[in-house]
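[1] Mind looking at a prediction? Sequence and model below.
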Amino acid sequence: MDKCLTIDVARLDRDGEDVEGVLDDSVLDLHDDYLHPFAGIRYSLFVQMAGRELVARGTLEQDFDSVCSRCGGDFDFTVSVPDFLASVETDEKTEFVDLTDELRQSIILGLPTYPVCRADCRGVCPTCGKNLNEGPCACAHEVRDDRWGALDALLPEKEKD
Ligand SMILES: [Zn+2]
Ligand SMILES: [Zn+2]
């Protein structure tokens, strides 16, 4: 896997070029115990000069191995950037344009603040610590009953029916 994505400006087709590949995900340089990129940054770009500006647009994808912020379970997810766009000013001396950092920033911007294994993850029981996605725990009913009890106390009229 490539460690950087550089465009050779002098050799770039005047009508633009498709540039595809996989960039080593170590360039993301994440120091997060709960977030591990794998399989590289997949990019599919169209790169073209617009005057003195090099414009790259396309899609990016990066897989992550992560830990759910609700239930603590391991899960994988993919950050997809469907509308990647970068433009870099060049001058007559520019030979190469390095897009590595643009790709890196775009993937990092796409990361969720609190990754969850699924939208309806039930998390863990605050009392016994059981992962509630695997089924109810012995104390789940008590927690639910307490909540209804508190609601009933707020609505005394309901008791009179
Ligand atoms: Zn979860
Ligand atoms: Zn429990």
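    Thanks, I have it. Ligands and ions are numbered 1, 2, ... in the order given.
[2] in stretch 106-126, what counts as buried?
    Counting neighbours by 16 or more other Cβ atoms under 10 Å, one finds that the buried residues in stretch 106-126 are 106-107, 110-111, 115-117, 121, 123-125. (C-beta placed from N, C-alpha, C; glycine too.)
[3] Identify, from these, the entry nearest to residue 79.
    Here the nearest of the buried residues of stretch 106-126 to residue 79, counting by Cβ to Cβ, is residue 110; it sits at 4.1 Å.
[4] What residues does residue 110 make contact with?
    62, 79-81 (Cβ atoms under 8 Å, 6 or more residues apart in numbering).
[5] Give me the spatial nearest neighbour of the residue nearest the centre of the chain, chain neighbours excluded.
    With distances taken as Cα atoms, centre = their mean, the residue of the chain nearest its centroid is residue 111 (3.0 Å). Sequence neighbours aside, residue 79 is the residue nearest to residue 111 in space, at 6.0 Å (criterion: Cβ to Cβ, 6 or more residues apart in numbering).
[6] Could you do residue 49 as well?
    On the basis of Cβ to Cβ, 6+ apart, the spatially nearest residue to residue 49 that is not a chain neighbour turns out to be residue 12, at 6.4 Å.
[7] show me the contacts for that neighbour.
    Contact analysis of residue 12 by Cβ under 8 Å, 6+ apart lists 47-49, 54.
[8] Could you count how many residues lie near residue 37?
    Other residues within reach of residue 37 by the criterion other Cβ atoms under 10 Å amount to 22.
[9] which ones are touching it?
    Counting by Cβ under 8 Å, 6+ apart, residue 37 has contacts 25, 28, 30, 62-65.
[10] and residue 58, how many neighbours?
    18.
[11] pretty sure it is touching residue 43, no?
    Yes. Here residue 58 reaches residue 43: they are 6.6 Å apart, a contact under Cβ atoms under 8 Å.
[12] Backbone dihedrals for residue 123, please?
    Note on residue 123: its backbone torsions stand at phi 70, psi -160 [degrees, to the nearest 10].
[13] now residue 20: how far from ligand 1?
    34 Å (Cβ to the ion, to the nearest Å).
[14] I meant to write residue 105 there.
    Residue 105 sits 28 Å away from ligand 1, going by Cβ to the ion.
[15] helix, strand or coil for that residue?
    Following DSSP: H, G, I helix; E, B strand; the rest coil, we place residue 105 in the helix state.
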